[in-house]
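Asker: Provided below for reference: sequence and predicted model.
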Amino acid sequence: MVESEVGKDFEDADDYERFAALCNLVAYRARAIHVKNDNAIVAQRKKRVFYFSLEFLIGPLLENYLLNLGALETVQEALEEMGTSLERLSACEVDPGLGNGGLGRLAACFLDSMAHEGIAGYGNGMRYRYGLFRQVIKDGRQVEETDNWLAKGYPWEVRRPESAVEVTFGGEVMRHEEDGKYWFTLEGGETVKAVPYDIPVVGYGGQTVNKLRIWSAEPAQENFDLDAFNDGQYANASKFRTDVEAISTILYPNDAGEHGRILRLKQEYLFVAAGIGSIMRTFKRENTRADGTVDWDMFPELIAIHTNDTHPAMCGAELLRVLIDEEGLDYDRAWDIVTRTISYTNHTVLPEALEKWPIDVFHRLLPRIYMYIEEIDRRYREDFIAKHGDRMDLLCETAILWDGQVRMANLSIICSHSVNGVAKIHTDILEREVLNGFYQLDPEKFNNKTNGISFRRFLGNANPSYSRLITSAIGDGWLDDASELHKLSAFYKDSVFLDAMTDSKRLNKERLAAYIKKTTGVELDCDSVFDVQVKRFHAYKRQLLNIFKVMDVYNRIVNWGYTPRPTSFIFAGKAAQSYTYAKEVIRLINSVAHVVNNDPRANQIIKVAFVPNFSVSNAELIYPAAEISEQISTAGMEASGTSNMKLMANAAITLGTLDGANVEIAQLAGRDNIEIFGLTVDEVEALKSSNSYFAWDEYNRDRDRLGRVVDELIDGTFAGLSGNFNLIYDGLMHKNDADFVLKDFHSYVDAWEHLGSIYGDQRRWNAMALANTANSGFFSSDRTIREYAEDIWHV
Ligand code: H53
């Protein structure tokens, strides 16, 4: 293979060439299965599911695909025999940063699970030229560097120029009339060619191979300006190209936050229009009758389109446009097809993440789509007034066009037959508050689908020593069906098993410690507790609360002779480039690390490490080594969280608030096996609505510990690396601590100390940790996908 791929002997090829040859071998096999699957889908008239998402954080694929194809060990052994190793070749694989965080990774886990469940499920996304920025830390600060993930090419993708779709922006809508009939066309505007790249998605068991299709924007025509070139204006000569390619150049680095740029709207329409264009082509090919007519009734029977957050909200309007303008269906028939085909998942309650676009911007960029949105909105209002004329309050909450803006969440909901949240408590909050208007009107539309994760990747691939231990005890059926992990409950009192857990964790801690030493220079003590918080930086996720705990513990060690359980506090995560507050928290953590790690009075007991550039690949090193899983968001704010599930599976004990999926983790693992603290959702809501919370009261109540930590933000204690932390101080003390960090501080530190007091009894600790793994199977994305398939997609 190496010979035919790179024209060299295996001996002469370098690691990357060997790696690429191995990928091609796997992809070759995968594509053969895919073609067989595709033929069967057509023959059996099987329904297809299209998962539209602006983010797919797929991670490195090689080891996962070898595991799924049942070839992992064989390949490992073969490579050893050839004088190299899988580990060595895998290290060559890029980690495509085509997503920001939870939402993008969830989409990737769903692809894996759809293939495992034998569903014909396809991802539809964007092929960003540059993925999410690479994070480096300089003087404690996050600095963003370009992620040129395609520099060496990407061995898994195949470019499919023959399947390109033309997409038009701008232009003018013209009305035509003949014989009492009228219709509209879009004239002029800028036409862009969306070119798809396909990446195989290999399901566990090797029976099903689906694909992820990502779109790249290219000029529809080569308009090279020869005159400009001859004039020496080289950049101008190919300006037509750079303008168009800008659409798929970058991933917006926002996670559950604002997306206010016009280019973002272009991205959203590009991948929606291209995806629907390509679905249409296939549908018509397979459903055109002998007389040339198309069997449109079959459309919702054979196709489900799922919209991940509001980013693909235009799916409804675009499908409507194609069915009416291009295929000549009447409005009512087309609308019925749209609403039976489309479904929507909401992933956040943060108001700033529910996208809104100014009508004038929208109208100018997408005039025909805007007309359809106007018509959807007009009919919605008409229907509403006929049915609930006395509830104008509900109409202003639920209409699409309001206050000069297009409300994308409302558009998504109105075009969908199903709306779901991503954890029980999140769906409750949607129904009770955020989307209550829609819920009152149509409660049946709402349902919950608690998120899940891929156990094969995040336990099987990521944690070989623990996986081997589990498999030796209960067999490897858990890879296929994670609920089999329940069988581990037979080992809660098995001292041999429990002691083996310590050995496995130790190996993983050493592996992580070596990585941290290499990337940060910080040396961790593998006898200390590994306390881990890894996720995006966001005020509501309260990394600040965690570092306040560290500052307090440090103060007490240095001043009061306190001896806590020795602990390594490990953080990782990126902040959106423009999110100054979150970036300040990163700087604070690094500044505290700088002081603590260099203070001989404390650094034998505690250390702080910030792992730079959190990504799928280093996440796979971090989860297996974790012992405490920090899930400490302000109650009501984290829709679900998924790192909580990955850490639970890897035998870390959750220290968390009753928020997101933590609530379900507590129920499943049992309250004795997880440490819950802090305000509940109801308490947060009560404090907010009564205006009875005052940050200064918390500060004054405890000047010795909490007050001191707050003061240290601005008194120079941690200013050594790059200055004080006035912005954070202001947020707490002058903006009244919107995330209740001070309020939850004491219950949080007490809860942490309680966990530390248990840790000394390793067998007790491991039994608790094992109860977590044993009860984590519910959080398999296979289960989540089965629920989507049954309740929403009907496949
Ligand atoms: O989606 C995850 C949730 C998590 C939530 C996250 C998310 C994004 O990553 C981006 C945008 C958005 O609206 C939500 O914050 O709680 O677990 C997957 O559902």
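Answerer: Structure's in. What do you need? Residues are numbered from 1 along each chain as shown.
Asker: what about the stretch 451-600 of the chain, any weak spots by pLDDT?
Answerer: Applying pLDDT under 70 to the stretch 451-600 of the chain picks out no residues at all.
Asker: name the residue of it that lies nearest to the ligand.
Answerer: Residue nearest to the ligand within the stretch 451-600 of the chain: residue 451 (5.1 Å; Cβ to the nearest ligand atom). For the C-beta atoms, the positions are set from N, CA and C on the backbone; glycine is no exception.
Asker: near the ligand, which residues of this protein show up?
Answerer: 100-103, 106, 255-256, 309, 347-348, 353, 422, 451, 638-642, 660 (Cβ under 6 Å from any ligand atom).
Asker: just checking, the residue of the stretch 451-600 of the chain closest to the ligand is part of a helix?
Answerer: No - the assignment for residue 451, made by DSSP: H, G, I helix; E, B strand; the rest coil, is coil rather than a helix.
Asker: what's it sitting at in phi/psi?
Answerer: Per-residue torsions, residue 451: phi -60, psi 170 (degrees, to the nearest 10).
Asker: near it, how many other residues are there?
Answerer: By the criterion of other Cβ atoms under 10 Å, residue 451 has 28 neighbours.
Asker: residue 484 versus that one, what's the distance?
Answerer: 20 Å (Cβ to Cβ, to the nearest Å).
Asker: likewise residue 474?
Answerer: If you go by Cβ to Cβ, the gap between residue 474 and residue 484 works out to 6 Å.
Asker: could you look up the SS state of residue 142?
Answerer: On the basis of three-state DSSP, residue 142 is classed as strand.
Asker: thought it was touching residue 574?
Answerer: Yes - at 7.0 Å, residue 142 counts as touching residue 574 under the criterion of Cβ atoms under 8 Å.
Asker: which residues do those two both contact?
Answerer: Common neighbours of residue 142 and residue 574, counting by Cβ atoms under 8 Å, 6 or more residues apart in numbering, are residue 135.
Asker: so what's residue 369 up against?
Answerer: Contacts of residue 369 (Cβ under 8 Å, 6+ apart): 269, 314, 317, 318, 321.
Asker: distance from the chain centre to the helix or strand hosting it, please.
Answerer: Assigned by DSSP states H and E, residue 369 belongs to helix 367-388. Computed by Cα atoms, centre = their mean, to the nearest Å, the separation of helix 367-388 from the middle of its chain amounts to 32 Å.
Asker: what residues of it count as buried?
Answerer: Buried residues in helix 367-388, defined by neighbour count with 16 or more other Cβ atoms under 10 Å: 367, 368, 369, 370, 371, 372, 373, 374, 376, 377, 380, 384.
Asker: same check, this time on stretch 352-360
Answerer: 353, 354, 355, 356, 357, 359.
Asker: what does that stretch contact?
Answerer: By Cβ under 8 Å, 6+ apart, stretch 352-360 touches 256-259, 265, 310-311, 313, 348, 370, 401, 404-409.
Asker: chain center to it: distance?
Answerer: Distance, centroid of stretch 352-360 to centroid of chain: 21 Å (Cα atoms, centre = their mean).
Asker: just stretch 572-587 next, same as before
Answerer: 18 Å.
Asker: okay, how far is it across that stretch, tip to tip?
Answerer: 12 Å (Cα to Cα, to the nearest Å).
Asker: any of the contacts of stretch 352-360 buried? List them.
Answerer: 256-259, 265, 310-311, 313, 348, 370, 401, 405-409.
Asker: which of those fall within strands?
Answerer: Per DSSP state E, strands hold the following members of the buried ones among the contacts of stretch 352-360: 401, 405, 406, 407.
Asker: could you check how far the nearest residue to the second one once chain neighbours are set aside is from residue 455?
Answerer: I take that to be residue 405. The spatially closest residue to residue 405, leaving aside those adjacent along the chain, is residue 356, at 4.4 Å (Cβ to Cβ, 6 or more residues apart in numbering). From residue 356 across to residue 455, the span is 38 Å (Cβ to Cβ).
Asker: cool, and residue 345?
Answerer: 21 Å.
Asker: who has more neighbours, the two?
Answerer: Between residue 345 and residue 455, counted using other Cβ under 10 Å, residue 455 has the larger neighbour count: 30 against 26.
Asker: closest approach to the ligand from the protein, which residue is it?
Answerer: Closest approach between the chain and the ligand, counting by Cβ to the nearest ligand atom: residue 102, at 2.9 Å.
Asker: wait, that residue sits on residue 644?
Answerer: No - if you go by Cβ under 8 Å, residue 102 and residue 644 don't touch, sitting 10.3 Å apart.
Asker: look at those two and report which has more neighbours.
Answerer: residue 644 (29 against 25).
Asker: look up which residues are beta-bridged to the residue nearest to residue 405.
Answerer: Beta-bridge partners for residue 356, by DSSP bridges, are residue 407.
Asker: pLDDT at it, what is it?
Answerer: pLDDT, residue 356: 93.
Asker: cool, residue 258 as well?
Answerer: Here the pLDDT value assigned to residue 258 is 59.
Asker: now stretch 499-507: buried residues?
Answerer: Within stretch 499-507, the residues scored as buried using 16+ other Cβ under 10 Å are 500, 501, 504, 505, 507.
Asker: where along the stretch 451-600 of the chain do the helices fall?
Answerer: For the stretch 451-600 of the chain, applying DSSP state H, counting those that start in this stretch gives helices covering 455, 464-474, 495-520, 543-560, 580-597.
Asker: any chance of those helices in a markdown table, with distance to residue 413 too?
Answerer: Putting these into a markdown table (distance: least, Cβ to Cβ, whole Å) gives the following:
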| stretch | distance to residue 413 |
| --- | --- |
| helix 455 | 32 |
| helix 464-474 | 41 |
| helix 495-520 | 43 |
| helix 543-560 | 32 |
| helix 580-597 | 29 |
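Asker: buried deepest among the ones you listed, which one?
Answerer: Highest mean neighbour count of the helices of the stretch 451-600 of the chain: helix 455, a mean of 30 (counted as mean count of other Cβ atoms under 10 Å).
Asker: what is the burial count for residue 361?
Answerer: 15.
Asker: I meant residue 128, not that one.
Answerer: 25.
Asker: residues in contact with the residue nearest to it when sequence neighbours are not counted?
Answerer: Counting by Cβ to Cβ, 6+ apart, residue 251 is the residue found nearest to residue 128 once chain neighbours are left out, at 4.4 Å. Residues in contact with residue 251 (Cβ under 8 Å, 6+ apart) are 54, 55, 97, 98, 99, 100, 126, 128, 130, 131, 132.
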